[in-house]
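Asker: Test case, fold it:
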Amino acid sequence: MLNLYGGLGAEKLLVERSAKPAENAPDGTMLPRFTYVWEQKVFDPINRHLLAHIHFELKDGRRVRKAFTYDWRMYTVPELSDALAEAGFRDTEVWSEGWDKSGRHGNGTLYRRTRLDHSDTWIAYVVAAR
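Answerer: As a prediction, the model looks like this:
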């Protein structure tokens, strides 16, 4: 199973902030409110190289810069399917999450796809069988 990220929004430089509320940790302590920051720093359309970072901004003003870094090539679904076939996998399927009634949030259920809308951003999974 391979995870893919794509769409027009996946190919542009951007910074997205998402505020997360305080919540209880498994040990009962309260986790602080923070902002999750996704930064797409570099995208090269020739080789489809993406450099992205996750940062955290805490309520008390502290920042955790580059808590995670993603430095990868963004393969397309056909490229991955072809590579899997060359590696001996006989079948590939594409799956992605469905949407709620508003069309803005995932519904938590994955569906097998034969086509995928080219939305601003999408996440899909390529599943291969031998």
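Asker: Pull up the gap between Ala22 and His118, please.
Answerer: Noted for Ala22: a distance of 37 Å to His118, by C-beta to C-beta, to the nearest Å. Where C-beta positions appear, they are placed from N, C-alpha and C, glycine not excepted.
Asker: Give the bridge partners for the residue nearest to Leu58 when sequence neighbours are not counted, please.
Answerer: Using C-beta to C-beta, 6 or more residues apart in numbering and skipping the chain neighbours, the partner closest in space to Leu58 is Phe34 (5.0 Å). As for beta bridges, Phe34 partners with Lys20, Leu58 under DSSP bridges.
Asker: Pull the residues that contact the helix or strand bottoming out on mean pLDDT in the chain.
Answerer: Lowest on mean pLDDT, DSSP states H and E among the helices and strands of the chain sits strand 30-31, with a mean of 77. The contact list for strand 30-31 (C-beta atoms under 8 Å, 6 or more residues apart in numbering) reads 22-25.
Asker: try stretch 83-92
Answerer: Contacts of stretch 83-92 (C-beta under 8 Å, 6+ apart): 75, 80-81, 126-130.
Asker: Farthest pair within the contacts of strand 30-31?
Answerer: Using C-beta to C-beta, these reach their maximum pairwise distance at Ala22 and Ala25, which is 10.2 Å.
Asker: could you pull out the strands for the chain?
Answerer: 2-6, 14-20, 23-24, 30-31, 34-44, 49-58, 63-73, 91-99, 106-113, 122-129 (DSSP state E).
Asker: Quickly, which of those strands bottoms out on average pLDDT?
Answerer: Confidence, taken as mean pLDDT, is least for strand 30-31 of the strands of the chain (a mean of 77).
Asker: Note down every partner strand of that strand and its orientation.
Answerer: strand 23-24 (antiparallel).
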